[in-house]
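Novice: Next comes the sequence, and after it the predicted model I'd like to discuss.
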Amino acid sequence: MAPKPRILAVGSTNTDFVAKVNVVPNAGETIISDGSYSFVPGGKGANAAVAAARLGADVVFCARIGNDSNGKMLRATYESEKIDTRYLTTDKSLPTGLAAIFVESNGANRIVVFPGANSALCREDVEEALTSYPDALLVQFEIPLDTVYYSVEQANKGNVPVIIDAGPIIPGLDLSKFGKIEIFSPNESEAEALTGIKPYDPESYIRICLDLYSKLDTKYVVLKLGHRGCYVYDGKMGIAIPSYYVTAVDTTAAGDAFTAAMTYEYLRSGDIKSACRYANAVGALTVTKNGALPSLPTEEQVIAFIREN
Ligand code: RIB
């Protein structure tokens, strides 16, 4: 049996406060929800780490939690998912990150993140984690930008392929500071924020990819297009890969799961298109369930879903 690809996920971990609402309130307005609320594990980095682990990857997670009950609960969760937590640091002074998420009845979400201990994830943390000999580095922007730039730089030095999930867009992001990237993957709003071009048809997709290609040293750009699937550009050609038809109840973590699945399948097959098809299935399954971590599918569920659809 081929060894499992080892993915180093450097990123955020949060406790998600999830509130289901019919509509979000306007400024100055109070609404009484007839929906439910819950606290679930989340964070873009953690969602990607758990998504990859559930699909069968060997995952090393480099992150920071606070010295509090949320942090302890998150650590135990990752351990139960068989994730390597040797590089999950308990920060002495900052609380575990928290995300306030409002999910509307159509499944769309609005998120505010309070970074807490995520804001202390630093160069030294990454340096140690890179000694785990990963097959790929997977990183997002929910941690300090300096740590993101440094992770990419160090991964480049060790010839470790870098996959960037371009969310969330944060002030000061400078694409020219990234070295070599294997796959750069923004969602629709991130693509628009980075290029000024709204993704709505194949012509706009290609213009976005050309723009990003001119700003980055990346092998592939993969646009995540929600229910429309994704668009892959390899420097010469672009191709739209449609997704599966499902009823969305909560889109939280679908993008994180997509990028993790794409990374895993790309490492296994070396084929970006089959990686994107697989990631479409994982993203589609993720939106059919509530919450971040609780919605991430297992390898068996993905195989069954692909067979049935
Ligand atoms: O991408 C979804 C995630 O964004 C949530 O789990 C929340 O924690 C925020 O990080």
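Specialist: Sure thing, it's come through.
Novice: give me every residue that touches the closest residue to the ligand within the stretch 51-200 of the chain.
Specialist: Residue of the stretch 51-200 of the chain nearest the ligand, by CB to the nearest ligand atom: residue 99 (3.3 Å). Every C-beta, even on glycine, is put in place using the N, C-alpha and C of the backbone. Counting by CB atoms under 8 Å, 6 or more residues apart in numbering, residue 99 touches 14-17, 42-43, 111-114.
Novice: Of all residues in the chain, which one is closest to the ligand?
Specialist: For the chain, CB to the nearest ligand atom, closest residue to the ligand: residue 42, 2.5 Å.
Novice: tell me the pLDDT at that residue?
Specialist: Looking at residue 42, its pLDDT stands at 97.
Novice: and it, bridged to which residues?
Specialist: For residue 42, the beta-bridge partners are residue 14 (DSSP bridges).
Novice: count of neighbours near it?
Specialist: Taking other CB atoms under 10 Å as the criterion, the count of residues near residue 42 is 30.
Novice: same thing with residue 173?
Specialist: Counted with other CB under 10 Å, residue 173 comes out at 17.
Novice: Number the residues from 14 up from this point.
Specialist: Shifting the count to begin at 14 puts that one at residue 186.
Novice: Isn't it up against residue 157?
Specialist: No. Residue 186 is not in contact with residue 157 according to CB atoms under 8 Å; the separation is 11.6 Å.
Novice: who in the stretch 114-263 of the chain is up against the ligand?
Specialist: Counting by CB under 6 Å from any ligand atom, the residues of the stretch 114-263 of the chain lying close to the ligand are 124, 126, 155.
Novice: and with 8 Å instead?
Specialist: By CB under 8 Å from any ligand atom, the part of the stretch 114-263 of the chain that sits against the ligand consists of 114, 122, 124, 126, 155, 180-181.
Novice: For these, which single residue is the most surrounded?
Specialist: When neighbours are taken as other CB under 10 Å, the top entry among these is residue 155 (27 neighbours).
Novice: if I pick that one, what's in contact with it?
Specialist: Residue 155 makes contact with 24-25, 56-58, 126, 128, 131, 180-181, according to CB under 8 Å, 6+ apart.
Novice: Need the pLDDT of the residue most central in space within the chain.
Specialist: What sits nearest the mean C-alpha location of the chain, by CA atoms, centre = their mean, is residue 269, with 2.6 Å. Residue 269 carries a pLDDT value of 98.
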